[in-house]
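**Student:** Just a sequence and a predicted model for now, questions to come.
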Amino acid sequence: MYAISKFINISQNVVCENGKTIFHNQEDNFAAFMKNVYKSLNISYPKFYKMDDLCKLAFIASELLLQNETENDIALLFSNNEASLDTDLKHQQSIQNPEDYYPSPAVFVYTLPNITIGEVSIRHQLKSESAFFVAEKYQTDYLHKYAEYLLKTNKAQKVLCGWIHFLNGDYKADFYLVEKMGILEHSKEHINDITK
Amino acid sequence: MAVFIHDTNIISPLGFSTDDNFQKILLGTSAIEKVFINDKIGSVYAGKINDELFSNHFQSINADFKGSRIEKLLIAALSPIVEKNPLKKDSVFILSTTKGNIAALANDDLSGAFIDKLVQNINSYFGFETDPIVVSNACTSGVVAISLAKRFIEMEQFTNAYVVAVDELTPFVVSGFQSFQAMSSEPCKPYDADRTGVNLGEAAVAVYVSNENRTESIQILGDANINDANHISGPSRTGEGLFLSIERAINEAQITSDQIDCISAHGTATLFNDEMEAVAFNRLSLQNVPTNSLKGYFGHTLGASGLLETVITIESLKNNVLIPSFGYQQQGTTQQINIITKKEQKSLKTALKTASGFGGSNSAMILVKNSENVRN
């Protein structure tokens, strides 16, 4: 039996921890929202400002779950529907017009959805198992089973699962940490509640 | 539970079947040539599937299908596999891709660029009854996809999986790699002293994976996918993630590094990647194991590369032949590794496949031939 030790939901200017609001943003703008949450965390991590919006969202959600964490063998299973399309659109715009051609490595590097895993792994020094999945909606059945497989086979000591949606200003993050002990049973019902 | 790879298929510029591709490689043929991308980019050295030849080939599979080029590539790769291994109720489609139908963005077609839409279309084309799994983990995706097939079969979620990997050569990726100054202005030379970077390529590859032990099947004995936690666009100088991935794969396989007969490495021909791999292989005492990169034959096919190179490595095992690392002349890494320079018949049983990519991702997998040694 495994448990969910903590979960974070971010959407519509609100950050919730274990279902309770912990941060409410006054400005209706994603960039300002993320910056305000970042400042409230009292950390100094200048790389945050270089990240694209998908990575910022993954970074903040993971930070809220892992800020007091000492375990390093935490697998990351991230997923979403649009992969990195928000940044893909920016790169496409930079090459669309031959008269105005300005592809940039600082943008192009974020045209892969698993860069979110890279950013979180670097921040928390997680030399661990990971995979980025693309699906229509959160694949509860598969990810429930896969998280438990990684724990049972000792391929990871904990598993951080996260749905990260960011496209054209629209956003949502649903993250939860799976380990031996916690506040909720690691069941499909609880996962469906957290990711609905 | 033991998990095996059975039938395979490759659609690449070198041919439209695994056998076509393998025969071309045995003859020392490379797909890399000057390819015109567009007016702005001009021509670059790359591997590109000839549209006319492919279109003729596709006619023989389905003359009526009207879909995108990438859908046709996927259908062409998977059709012969499904024909030989009819779908079961619990069959699953696992797709590896970094960019899917990213070409749609150039035509202002945002909805056409969703990977999920692509995978749903292919899932229903073949009639899979389960939800597909899509992995997009940069250049390790192809190896991670087989790793996931093995693991989901071990967890008894499925008894069999159709793993398919695809990426196209598009102005989108070429312009990006150019902005990184990662592209070679000549045919690429993995591990060579004069290597100057990547050639890009494209391919669609399919394999059938199941828990059945058939004759001529290849067992997946161990696998791991460990992040460097070091840099988002450059490899760790110590090769830490690759080192840990290989170490864990070897441990799971319950073999020792001296039992590995050959390595199909990542070898993109960038200075840093190849150097990092040499460091990791030395840390594991794998420096004397015959090693190749297949990028000199196909270019870097991104999300397809891990699966493409696994299939060629399987052929290498089955045919007991070491494949030369195309483009290599003289040692170009500070630590020595044993790069294969000529084709050689040799009794082969166990291979290591590795891949590394952006986001700090690394993957390693141990493949073994010979069903007598199946371990459950």
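**Tutor:** Received, thanks. Residues are numbered from 1 along each chain as shown, chains lettered A, B, ... in the order given.
**Student:** Distance check, the spatially most central residue of chain A against A:His165.
**Tutor:** If you average the C-alpha coordinates of chain A and look for the closest C-alpha using CA atoms, centre = their mean, you land on A:Ala58, 2.8 Å from that point. If you measure A:Ala58 against A:His165 using CB to CB, to the nearest Å, the figure is 11 Å. From N, CA and C alone the C-beta is placed, and that goes for glycine too.
**Student:** what about residue 121, neighbour count?
**Tutor:** Going with chain A. Using other CB atoms under 10 Å in any protein chain shown, A:Ser121 has 28 other residues around it.
**Student:** hm, I was asking about chain B
**Tutor:** With neighbours defined by other CB under 10 Å, the count for B:Asn121 comes to 15.
**Student:** Then A:Lys50?
**Tutor:** For A:Lys50, the number of neighbouring residues by other CB under 10 Å comes to 13.
**Student:** Settle this for me: it is touching A:Ala106, isn't it.
**Tutor:** Yes: counting by CB atoms under 8 Å, A:Lys50 touches A:Ala106, with 7.2 Å between them.
**Student:** returning to that earlier point: what touches both of A:Ala58 and A:His165?
**Tutor:** A:Ala173 (CB atoms under 8 Å, 6 or more residues apart in numbering or on different chains).
**Student:** ok, residue 158 - contacts?
**Tutor:** Picked chain A for this. With the criterion set at CB under 8 Å, 6+ apart, A:Lys158 makes contact with A:5, A:71, A:73-75, A:151, A:177-179.
**Student:** oops, I was thinking of chain B
**Tutor:** Contacts for B:Phe158 (CB under 8 Å, 6+ apart) come out as B:90-92, B:130, B:152.
**Student:** Quick check on the residue of chain A most remote from its centre: phi, psi?
**Tutor:** Distance from the C-alpha centroid of chain A, by CA atoms, centre = their mean, peaks at A:Glu99 (36.5 Å). Reported as degrees, to the nearest 10, the phi and psi values for A:Glu99 are phi -80, psi -20.
**Student:** quick revisit: list, out of the contacts of A:Lys158, those positioned next to chain B.
**Tutor:** Here nothing survives when the contacts of A:Lys158 are matched to chain B using CB under 8 Å from any CB of the partner chain.
**Student:** and those residues, which of them are in strands?
**Tutor:** By the criterion of DSSP state E, membership of the contacts of A:Lys158 in strands covers A:5, A:74-75, A:177-179.
**Student:** Closest one of those residues to A:Asn29?
**Tutor:** Nearest to A:Asn29, judged by CB to CB, of the ones in strands among the contacts of A:Lys158 is A:Leu177 at 28.7 Å.
**Student:** Could you give the bridge partners of that closest one?
**Tutor:** On DSSP bridges, the residues paired with A:Leu177 through beta bridges are A:Lys6, A:Leu160.
**Student:** is it true that it touches A:Lys6?
**Tutor:** Yes: under the criterion of CB under 8 Å, A:Leu177 makes contact with A:Lys6 at 5.2 Å.
**Student:** and those two? which has more neighbours close in?
**Tutor:** The residue with more neighbours, out of A:Leu177 and A:Lys6 and counting by other CB under 10 Å, is A:Leu177; that gives 24 against 19.
**Student:** Wasn't B:Ile366 part of a strand?
**Tutor:** Yes: assigned with DSSP: H, G, I helix; E, B strand; the rest coil, B:Ile366 falls within a strand.
**Student:** and it, what does it touch?
**Tutor:** Each residue near B:Ile366 by CB under 8 Å, 6+ apart is listed here: B:220-223, B:249-250, B:252-253, B:255, B:260, B:350-352.
**Student:** What's the local residue count around A:Lys35?
**Tutor:** A:Lys35: 17 surrounding residues under other CB under 10 Å.
**Student:** for B:Ser111, same thing?
**Tutor:** B:Ser111: 7 surrounding residues under other CB under 10 Å.
**Student:** Give me the distance between it and chain A.
**Tutor:** B:Ser111 sits at a distance of 10 Å from chain A (criterion: CB to the nearest CB, to the nearest Å).
**Student:** try B:Leu26
**Tutor:** As for B:Leu26, its distance to chain A is 34 Å (criterion: CB to the nearest CB).
**Student:** which non-adjacent residue is nearest that residue?
**Tutor:** Spatially, and ignoring its direct neighbours in sequence, B:Leu26 is nearest to B:Lys343 (6.7 Å; CB to CB, 6 or more residues apart in numbering or on different chains).
**Student:** Likewise for B:Gln331?
**Tutor:** The nearest residue in space to B:Gln331 (CB to CB, 6+ apart) is B:Ala193, at 6.4 Å.
**Student:** What residues does that neighbour make contact with?
**Tutor:** B:329-332.
**Student:** Could you say which helix or strand holds residue 122?
**Tutor:** By default, I'm working from chain A. A:Ile122 belongs to helix A:115-124 when elements are defined using DSSP states H and E.
**Student:** my question was about chain B
**Tutor:** Taking DSSP H and E as the definition, one finds B:Ile122 inside helix B:115-126.
**Student:** could I have that helix exported to PDB, CA atoms only?
**Tutor:** C-alpha atoms of helix B:115-126 as PDB (Å, rounded to 0.1, in the frame of the first residue of the first chain):
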ATOM      1  CA  ILE B 115       0.600  14.800 -30.600                       C
ATOM      2  CA  ASP B 116      -2.500  13.400 -28.900                       C
ATOM      3  CA  LYS B 117      -4.600  13.900 -32.000                       C
ATOM      4  CA  LEU B 118      -2.000  12.100 -34.100                       C
ATOM      5  CA  VAL B 119      -1.900   9.100 -31.700                       C
ATOM      6  CA  GLN B 120      -5.700   8.900 -31.500                       C
ATOM      7  CA  ASN B 121      -5.900   8.700 -35.300                       C
ATOM      8  CA  ILE B 122      -3.400   5.900 -35.500                       C
ATOM      9  CA  ASN B 123      -4.900   4.100 -32.500                       C
ATOM     10  CA  SER B 124      -8.300   4.000 -34.200                       C
ATOM     11  CA  TYR B 125      -6.900   3.300 -37.700                       C
ATOM     12  CA  PHE B 126      -5.500   0.000 -36.400                       C
END
